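Asks: structure for the following, please:
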Amino acid sequence: MRWAIRHCLLAVLVFASAAVGAPTGTLTPPPPELPAPDQFVAKDRPSDSGNSILLTWKDPPALPTGTTFEARRAEPPAYEWTKIADVNAGVGRYVDASAKDGVVYRYELRARHADLADTLGLAGAVGPAVVSDPVASHDDWIRLERMNSLVASLAFLVLLMGSIWMAGRGSQLFIRRIAGLNAVDEAIGRATELGRKVIYVPGIQPPGDIQTVASLAILGHVARATARYGTELDVPNRDPLTFTTARETVRAAYLAEGRPDLFREEMVNYITYDQFAYVAAVAGRMVREKPAANFFVGHFFAEALILAETGQTTGAIQIAGTADPSQLPFFVAACDYTLIGEELYAAGAYLSREPVLLGSIRGTDLAKVILLLLGLAGIVSATLGNNWAVSLLKTQ
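Replies: This is a model prediction of the structure:
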């Protein structure tokens with residue numbers, strides 16, 4: 001009996017020790033190994049301005065969800081690896097914009113999974129690394145992503161130079177006549193009938209300003225009309241260079257009309273370079289002499305309203321023109337006719353018939369028509385789900 005009890009207790013102890021030593025759950029499988037990226041290449045980024053290296057690769061098959069690729073770089077003299085980026089799977093490329101031209105680098109790429117690193121430890125969370133050949137960045141002559149800008153610039157240059165060439169050959173280039181131009185001869189004719197002078201203010205900027213260039217072209221037409229009708233002309237100037245250029249313009253106009261005897265040096269006069277002293281002198285001249293016609297054409301600033309309002313109080317017919325948006329409202333409110341924006345340049349080309357000006361106006365108008373048609377075509381294609389216009393006009 002004692003023998004049987006002893007064997008039973010021994011069997012219970014063996015069973016209990018076996019139960020304590022048995023595992024309480026399922027065994028954890030070893031973490032999966034992350035594969036290495038395929039076809040890893042590091043090269044100078046093509047068609048750029050330098051200081052960038054392009055990394056390309058192909059994702060290996062069977063990547064766990066959430067895998068990223070860690071890119072590292074080594075540079076001389078120590079060639080120590082430094083992390084530069086984490087790239088999501090499926091991208092397949094990365095541009096290292098921190099590279100410097102002429103420095104030789106080596107790049108390393110490996111797969112990494114942050115979630116596996118947290119749950120399973122470091123083993124299996126980082127795949128084997130692949131290392132690139134040495135590579136250096138350099139500047140390129142042509143940037144392909146900006147080729148559309150080059151093509152557009154060359155096309156515009158062809159349109160512009162072709163139009164100037166046609167105008168130089170004597171081709172009749174059509175430019176729509178502006179309403180304000182019809183009033184030029186009317187204003188000069190009114191001054192002739194009344195026996196009073198015409199005042200022409202060519203702005204307050206030097207001839208380097210494009211608005212002053214257009215104003216001087218219009219001045220030549222006005223001077224030829226006053227020479228033809230024998231009307232007195234007064235051209236007060238604020239800028240010394242504009243004064244000299246305007247005097248020669250008026251002299252040439254009177255000579256072209258065959259009336260050099262009517263030209264007098266004091267027709268084109270210089271007052272002062274001080275802005276408001278000049279405006280005060282011109283305004284006083286308008287009040288005292290009461291000209292029949294006033295022309296304010298060119299680049300103006302705060303003096304625009306002073307001149308226009310003073311001239312209006314004298315009852316003169318006034319024609320103004322400027323491309324400065326901040327001064328246009330004053331001229332529109334106080335003058336009879338106003339050349340707005342690009343009408344100023346078109347008026348100068350129309351009146352002077354200068355081939356370069358005529359060709360420039362026609363070339364820029366053709367370019368605007370082409371851009372307008374491209375915009376309309378892009379709107380239609382985008383409505384239909386095609387974004388080719390965005391790709392065509394996009395630059396970097």
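Asks: what stretches of this structure score poorly on pLDDT?
Replies: Along the chain, the parts satisfying pLDDT under 70 run over 1-33, 78, 114-124, 395-396.
Asks: and it, what are its domains?
Replies: Domain segmentation of the chain under automatic domain parsing yields 38-136, 144-168+360-393, 179-353.
Asks: how far away from the center of its chain is the shortest one?
Replies: Counting by CA atoms, centre = their mean, to the nearest Å, domain 144-168+360-393 is centred 15 Å from the centre of its parent chain.
Asks: that domain: end-to-end distance?
Replies: 13 Å (CA to CA, to the nearest Å).
Asks: repeat for stretch 93-110
Replies: For stretch 93-110, the first-to-last residue distance is 13 Å (CA to CA).
Asks: residue 107 sits in which helix or strand?
Replies: Residue 107 belongs to strand 104-112 when elements are defined using DSSP states H and E.
Asks: contacts made by that strand with the rest, please.
Replies: Here strand 104-112 makes contact (CB atoms under 8 Å, 6 or more residues apart in numbering) with 34-37, 40, 42, 53, 55, 57, 60, 63, 67-76, 79, 81, 86, 96, 99, 125-136. No exception for glycine: its C-beta is placed from N, CA and C like everyone else's.
Asks: tell me the phi and psi of residue 367?
Replies: Residue 367 adopts backbone torsions of phi -60, psi -40, taken as degrees, to the nearest 10.
Asks: surely it and residue 154 touch.
Replies: No - taking contacts as CB atoms under 8 Å, residue 367 lies outside contact range of residue 154: 12.0 Å.
Asks: higher neighbour count, those two?
Replies: Using other CB atoms under 10 Å as the criterion, residue 367 and residue 154 rank with residue 367 on top: 16 against 10.
Asks: sec struct for the spatially closest residue to the more buried one that is not a sequence neighbour, please.
Replies: For residue 367, ignoring the flanking residues on the chain, the nearest one in space by CB to CB, 6 or more residues apart in numbering is residue 156 at 5.1 Å. The three-state label for residue 156, taken from DSSP: H, G, I helix; E, B strand; the rest coil, comes out as helix.
Asks: please tell me how far residue 156 sits from residue 363.
Replies: From residue 156 across to residue 363, the span is 7 Å (CB to CB, to the nearest Å).
Asks: just residue 211 next, same as before
Replies: Per CB to CB, residue 211 is found 19 Å from residue 363.
Asks: now swap in residue 313 and tell me
Replies: Relative to residue 363, residue 313 is positioned 42 Å away (CB to CB).
Asks: same question, residue 133
Replies: Using CB to CB, one gets 50 Å for the distance from residue 133 to residue 363.
Asks: residue 59 too?
Replies: 51 Å.
Asks: do the same with residue 214
Replies: On the measure of CB to CB, residue 214 and residue 363 end up 16 Å apart.
Asks: what about the two, which has more around it?
Replies: Counted by other CB under 10 Å, residue 214 and residue 363 do not tie: residue 214 has more neighbours, with 30 against 22.
Asks: next one: phi and psi at the more buried one?
Replies: Dihedral angles of residue 214 (phi, psi; degrees, to the nearest 10) stand at phi -60, psi -40.
Asks: contacts only, for it.
Replies: Counted by CB under 8 Å, 6+ apart, residue 214 has contacts 297-298, 321, 344-345, 347-348.
Asks: show me what counts as buried in the strand holding residue 107.
Replies: Across strand 104-112, burial judged by 16 or more other CB atoms under 10 Å covers 105-112.
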